[in-house]
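Chemist: Provided below for reference: sequence and predicted model.
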Amino acid sequence: MNLKYVILSLLSTITLAQAQNTPIQLPDELRTLLQQANANYPVLKQQQQQLQAGEVRVDIARTSMRPNVALNGSYNYITPVPQFAVPLNGQEVVAKLAPNNSINANVSVGQTIYDFGRTDAAIKQATDNVQILRRQYELTQQNLAYQVAAAYYGVGFLQQGIIVQDSVIKTAGANVRLLASRLQNGDALQYDVLSQEVRVKIAVNRKIELQNQLERQLAVLTYLTGNTQPTTGQAIQQFQLGSQPTPVQLFDLDGQFQNASTGNKDIQLAQDRVKAAETDILVSQRAGQPSIGFSGSAGYKNGYPLNVEQLRPNMVAGVNIVAPIYSGKRYKLQNQVAQLNLNASRYAVDNANAQLRQTIAQLNADIRSNQTRLANLETQVLQARKALEIANARLRNGVITNVELQSAETGVEEAELGRLNFQYQLLLNQLELKRLLGESLVANP
């Protein structure tokens, strides 16, 4: 490698590091697959139901301050009942102190008047739990989109890899026929023909492996989207041979990390859990507070002297006050547990930030490495193709050994597959960076 090429390579690397991070242009069929995934992915459906259940729990918490109305009725047959005889007009009249048929029917009303913030704390706790469920749903939705995109582009990568293998098989097969013809003329050895035939078999086996991986990738797409025949015709366009990948900007950890932590869904989820833990402390503090309530009922019952069998209107109304005095340190211990959970949640946020910084730093290293190696492979591919052209010309003229021919063929194959692999890895790096920054693949409608 001469000095001129070294300088050009360094300049290209610096240019890539300073380039703007151009958004990935999604094919229409990928957008369709993302929509199908949002509509059909079972985990999203499960979390949607859990989110709806959480919203119902908020409504349940609000009902604590609403009146409770009930229709009550009871019948009891009692015998014997307390009674005594009273002389009246020369006769004894039996007077009962309780009826044999005891009847009580009423409508009761209960209403909490004031509970010193316990209901408000319970509502806030339920609302915080809903926010966590919503954030988990958003996180799953985001990860699903990037999984679909990675699988989609994986299909294109494997399809292009199969094309490269077909080219290898075609070239090696042509050389087998040429060497077989030369063997008949006495200009080649049986060993040369067998070696090329082995190379063809190796290339065929590699193609079979790529086809197997392609089928597995399509199965992943089917699972994620619910589409048994996902359309992936445009995926291969991202990996056209000779095409230049879009430069990916290295992320500025020192200057832009705060923006990254603000948009990262995992950190947002950890922060929501901190808020929920703070609310748990509030709930535990309010648990030992008094409560004041109203209760009343109106209806009919019997059992009133002197005619105990007669049903009469009945009404009761009153105010209830419940003030806990001693509970065996239960509330204090609950508050201690809530405080420990809050501390743990705060450490979880710190850990999420540290993991994000570490992951982005590693991703920067991968992007820098993949872009540099990809730039080097562009030259390697051109050199390998030129070497193969020379080798084929020498083969036709009978001035090349079989080892030299195989080396030239292997050089082209490795260079093409290597460049294709780094293109794919660089695309995955770009997708992962967008995911970490909390960016959506599809703009919100």
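Modeler: Noted; the coordinates are in hand.
Chemist: Tell me the spacing between residue 280 and residue 257.
Modeler: 30 Å (C-beta to C-beta, to the nearest Å). Just so you know, the C-beta spots here come from the backbone N, C-alpha and C atoms, and that holds for glycine as well.
Chemist: neighbour-wise, which of these two wins?
Modeler: residue 280 (22 against 16; other C-beta atoms under 10 Å).
Chemist: close enough to count as contact, the more buried one and residue 338?
Modeler: Yes: Residue 280 lies in contact with residue 338 (C-beta atoms under 8 Å); the separation is 4.4 Å.
Chemist: okay, now the domains of the protein?
Modeler: Residue ranges for each domain of the chain read 15-66+119-285+330-436, 67-114+290-323, as given by automatic domain parsing.
Chemist: which element is the residue nearest to the spatial centre of the chain on?
Modeler: Central residue of the chain (C-alpha atoms, centre = their mean): residue 140, 2.1 Å from the mean position. For residue 140, the host element (DSSP states H and E) is helix 118-184.
Chemist: do the same with residue 268
Modeler: Going by DSSP H and E, residue 268 is in helix 265-286.
Chemist: Do me a favour and average the pLDDT over that helix.
Modeler: Taken as a whole, helix 265-286 has a mean pLDDT of 95.
Chemist: before we move on, what about stretch 25-39?
Modeler: Per-residue scores along stretch 25-39 average to 91.
Chemist: So that it lines up with my notes, have the first residue be 264 from now on.
Modeler: OK, 264 is where the count begins now, so the last one is stretch 288-302.
Chemist: Need the residues that contact that stretch.
Modeler: Stretch 288-302 has contacts (C-beta atoms under 8 Å, 6 or more residues apart in numbering) with 307, 404, 407-408, 411-412, 415, 484, 487-490, 493-498, 500, 704-705.
Chemist: Now a ChimeraX select for only the buried ones of the residues you listed.
Modeler: One line in ChimeraX is enough to select the buried ones among the contacts of stretch 288-302; burial here means 16 or more other C-beta atoms under 10 Å:
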select :307,404,407,408,411,412,415,484,487,488,490,493,495,498,704
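Chemist: Inside helices: which ones of the contacts of stretch 288-302?
Modeler: 307, 404, 407-408, 411-412, 415, 484, 487-488 (DSSP state H).
Chemist: Now pLDDT too, for these, in TSV please.
Modeler: Shown next, in TSV, are these (pLDDT from 0 to 100):
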residue	pLDDT
307	95
404	94
407	95
408	94
411	95
412	94
415	95
484	95
487	95
488	94
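Chemist: Determine which two of these are furthest apart.
Modeler: Spanning the widest gap among those are 307 and 415, at 17.9 Å by C-beta to C-beta.
Chemist: where does the stretch 264-413 of the chain dip in pLDDT?
Modeler: The stretch 264-413 of the chain contains residues with pLDDT under 70 at 264-287.
Chemist: Now find how far off-centre the helix holding residue 531 is within its chain.
Modeler: Offset of helix 528-549 from its chain centre (C-alpha atoms, centre = their mean, to the nearest Å): 20 Å.
Chemist: again, but for stretch 439-450
Modeler: Average the C-alpha atoms of stretch 439-450, do the same for its chain, and the two points are 59 Å apart (C-alpha atoms, centre = their mean).
Chemist: pLDDT (mean, whole number) over it?
Modeler: 77.
Chemist: tell me which residues in it are buried?
Modeler: In stretch 439-450, counting by 16+ other C-beta under 10 Å, buried: 439, 441-442, 445.
Chemist: want to throw these into CSV with distance to residue 397?
Modeler: Below are those laid out as CSV (distance: C-beta to C-beta, whole Å):
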residue, distance to residue 397
439, 62
441, 66
442, 67
445, 72
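Chemist: so which two of these are the farthest from each other?
Modeler: The farthest-apart pair in those, when distances are taken by C-beta to C-beta, is 439 and 445, at 10.8 Å.
Chemist: what's the most buried one of the domains of the chain?
Modeler: domain 278-329+382-548+593-699 (a mean of 17; mean count of other C-beta atoms under 10 Å).
Chemist: Relative to the whole chain's centre, how far out is that domain?
Modeler: The answer for domain 278-329+382-548+593-699 is 15 Å, by C-alpha atoms, centre = their mean.
Chemist: Next one: the closest residue to residue 491 other than its chain neighbours from residue 303, what distance?
Modeler: Counting by C-beta to C-beta, 6 or more residues apart in numbering, residue 491 lies nearest to residue 485, which is 5.6 Å off, once chain neighbours are set aside. Residue 485 is 10 Å from residue 303, where distance means C-beta to C-beta.
Chemist: again, but for residue 631
Modeler: 38 Å.
Chemist: was I right about residue 435 contacting residue 671?
Modeler: No: at 11.3 Å, residue 435 does not count as touching residue 671 under the criterion of C-beta under 8 Å.
Chemist: Next, the residue located most distally from the centre of the chain: phi, psi?
Modeler: No residue in the chain sits farther from the centre than residue 353, which is 92.6 Å out by C-alpha atoms, centre = their mean. Phi and psi for residue 353, reported as degrees, to the nearest 10, are phi 80, psi 10.
Chemist: Contacts for stretch 590-598 next, please.
Modeler: Against stretch 590-598 from outside (C-beta under 8 Å, 6+ apart): 544, 547-548, 550-551, 587.
Chemist: want to throw these into a markdown table with distance to residue 363?
Modeler: Formatted as a markdown table, these follow (distance: C-beta to C-beta, whole Å):
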| residue | distance to residue 363 |
| --- | --- |
| 544 | 57 |
| 547 | 52 |
| 548 | 53 |
| 550 | 47 |
| 551 | 47 |
| 587 | 43 |
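Chemist: Looking at these, which is nearest residue 458?
Modeler: Using C-beta to C-beta, those come closest to residue 458 at residue 544, 75.6 Å.
Chemist: give me every residue that touches the closest residue in space to the closest one that isn't next to it in sequence.
Modeler: Counting by C-beta to C-beta, 6+ apart, residue 601 is the residue found nearest to residue 544 once chain neighbours are left out, at 4.4 Å. Residue 601 makes contacts with 540, 543-544, 546-547, as judged by C-beta under 8 Å, 6+ apart.
Chemist: Turn the residues you listed into a markdown table, including distance to residue 561.
Modeler: Converted to a markdown table, the contacts of residue 601 look like this (distance: C-beta to C-beta, whole Å):
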| residue | distance to residue 561 |
| --- | --- |
| 540 | 46 |
| 543 | 41 |
| 544 | 42 |
| 546 | 35 |
| 547 | 38 |
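Chemist: so what's residue 572 closest to, chain neighbours aside?
Modeler: Leaving out its chain neighbours, the residue that sits closest to residue 572 by C-beta to C-beta, 6+ apart is residue 362, at 4.9 Å.
Chemist: From residue 567, how far out is the one you found?
Modeler: 9 Å.
Chemist: Residue 587 now?
Modeler: 37 Å.
Chemist: so residue 476, which of the three states?
Modeler: Assigned by DSSP: H, G, I helix; E, B strand; the rest coil, the conformation of residue 476 is helix.
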